[in-house]
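Colleague: show me how the following folds:
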Amino acid sequence: MESQRLHVPTFSFEFFPPKTAEGRQKLLKVHSELAALKPRFFSVTFGAGGSTRDRTLETIADIKSAGSDAAPHISCVASSKTEIAELLIHYQQTGIKHLVALRGDMPSGDPARGEFNHANELVEFIRKTTGKDFFIEIAAYPETHPQAHSTEKDLQNFKRKADAGADSAITQYFYNPDSYFYFVERCEKMGINLPIVPGIMPITNYTRLARFSDACGAEIPRWIRKQLEAYGDDEAAIRDFGTEVVTNLCHTLLEAGAPGLHFYTMNQTEPTLALWKNLGL
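Modeller: Predicted coordinates for the structure are as follows:
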């Protein structure tokens with residue numbers, strides 16, 4: 001991880017666009033509380049096939065209006081080049097300088113593929129149409145993308161995204177730090193030298209975490225899974241144990257030279273704040 005050590009650690013937070021006016025007001029409060037920590041940026045997710053496009057744009061506008069750097073997710077599956085170009089123009093006109101470029105998930109029941117098949121094509125298109133106007137993040141999967149045919153093919157896909165013009169990468173969350181270290185080591189051997197920032201998921205609810213993890217291919221180590229199962233419905237015990245586990249994970253990553261941490265906040269303040277305080281950031 002020698003190339004990773006060259007970077008001063010940075011921290012960022014992720015939101016998803018709220019569905020209701022009440023949710024929007026709640027998120028504004030969460031943003032205000034987390035913005036006091038002075039993160040590098042806030043990212044906002046983009047629903048399958050662009051299903052949350054308007055709400056993503058609205059949330060990005062709220063964050064930028066509040067004085068923070070906003071980084072919208074932009075996914076290309078089921079989208080045309082014209083649609084992506086129009087979205088890029090909108091972001092240029094509104095002063096957005098930071099993007100998280102993803103293939104994205106196919107909307108349920110929609111067989112349409114659009115004009116992009118892979119994220120590297122999106123990154124290449126952004127660079128071709130906007131030059132260096134945007135700082136581009138891409139996704140990384142230390143435990144292998146759930147749809148990849150093999151670890152080798154997944155690494156090759158990641159290299160294609162990086163070579164297409166990406167500036168940095170954010171990983172899927174994980175709880176086994178060795179998977180991250182091994183992934184970074186293999187990337188460096190392949191000549192991939194962009195910063196790879198670990199994605200961090202706080203543990204607050206075992207049922208929800210297990211569902212997310214099964215869907216995205218993130219492994220919950222057996223000892224963690226068994227302990228969470230043992231707590232049953234004791235939410236306080238789950239939060240306390242989860243905070244301890246994830247704090248130790250973050251310490252291990254930062255001490256080994258990770259270039260920063262990207263927190264998946266789930267639009268909540270307390271879980272991320274608890275980690276932040278434990279880490280002394």
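
Colleague: now stretch 203-219: buried residues?
Modeller: With burial defined by 16 or more other C-beta atoms under 10 Å, the residues of stretch 203-219 counted as buried are Ile203, Thr204, Asn205, Tyr206, Leu209, Phe212, Ser213, Ala218, Glu219. Glycine gets a C-beta too; all of them are placed from N, C-alpha and C.

Colleague: can you give me phi and psi for the second one?
Modeller: Summarising the backbone geometry of Thr204 under the convention degrees, to the nearest 10, its torsions are phi -130, psi -20.

Colleague: which element is Gln227 on?
Modeller: Using DSSP states H and E, Gln227 sits within helix 222-231.

Colleague: just checking, next helix/strand downstream of that helix?
Modeller: Next helix or strand after helix 222-231 toward the C-terminus (DSSP H and E): helix 235-255.

Colleague: where does the closest residue to Ala166 other than its chain neighbours sit: helix, strand or coil?
Modeller: Using C-beta to C-beta, 6 or more residues apart in numbering and skipping residues adjacent in sequence, the residue nearest Ala166 is Ile138, 4.4 Å away. Classification of Ile138 using DSSP: H, G, I helix; E, B strand; the rest coil returns strand.

Colleague: what sits against Ile138?
Modeller: Ile138 is in contact with Val100, Ala101, Leu102, Ala119, Val123, Phe158, Lys161, Ala162, Ala166, Ser168, Ala169, Ile170, counting by C-beta atoms under 8 Å, 6 or more residues apart in numbering.

Colleague: and of those residues, the nearest to Ala230?
Modeller: Ranked by distance to Ala230 (C-beta to C-beta), the contacts of Ile138 are led by Ile170 at 31.7 Å.

Colleague: just say helix, strand or coil for that closest one.
Modeller: Applying three-state DSSP: Ile170 is strand.

Colleague: just checking, it touches Pro142?
Modeller: No. Using C-beta atoms under 8 Å, Ile170 makes no contact with Pro142, being 11.2 Å away.

Colleague: find the nearest non-adjacent residue to Arg225, please.
Modeller: Ala210 (7.5 Å).

Colleague: picking that back up, okay, the angle between the helix holding Gln227 and helix 235-255?
Modeller: 160 degrees (axes from the mean of the first three to the mean of the last three C-alpha atoms, to 10 degrees).

Colleague: can you name every helix or strand that helix 222-231 contacts?
Modeller: The elements that helix 222-231 packs onto, with contact taken as 3 or more C-beta pairs under 8 Å, 6 or more residues apart in numbering; DSSP states H and E, are helix 206-216, helix 235-255.

Colleague: pLDDT of that helix, averaged?
Modeller: Averaging pLDDT along helix 222-231 yields 96.

Colleague: starting at the chain centroid, how far to it?
Modeller: Distance, stretch centre to chain centre, for helix 222-231: 25 Å (C-alpha atoms, centre = their mean, to the nearest Å).

Colleague: ok, stretch 73-86 next?
Modeller: Here stretch 73-86 is found 19 Å from its chain centre; the criterion is C-alpha atoms, centre = their mean.

Colleague: for the residue nearest to Arg225, give me the pLDDT.
Modeller: Listed pLDDT for Ala210 reads 95.

Colleague: pretty sure it contacts Glu219?
Modeller: No. When contacts are counted by C-beta under 8 Å, Ala210 is not listed as touching Glu219 (11.1 Å).

Colleague: for whatever helix or strand Arg55 lives in, buried residues please.
Modeller: Using DSSP H and E, Arg55 sits in helix 53-65. Across helix 53-65, burial judged by 16+ other C-beta under 10 Å covers Arg53, Arg55, Thr56, Leu57, Thr59, Ile60, Asp62, Ile63, Lys64.

Colleague: which strands and helices lie in contact with it?
Modeller: Identification of packing neighbours for helix 53-65 by 3+ C-beta pairs under 8 Å, 6+ apart yields helix 21-35, strand 41-44, strand 70-75.

Colleague: work out the gap between that helix and the centre of the chain.
Modeller: Mean-position distance between helix 53-65 and its chain equals 17 Å (C-alpha atoms, centre = their mean).

Colleague: the inter-axis angle of it versus strand 70-75?
Modeller: 160 degrees.

Colleague: so what touches helix 53-65?
Modeller: 15, 17-19, 24, 27-28, 31, 42, 44-47, 70, 72-73, 87, 90, 94-96.

Colleague: any idea how far Gly257 is from the residue nearest to Arg225?
Modeller: When distance is defined by C-beta to C-beta, to the nearest Å, Ala210 is 31 Å away from Gly257.
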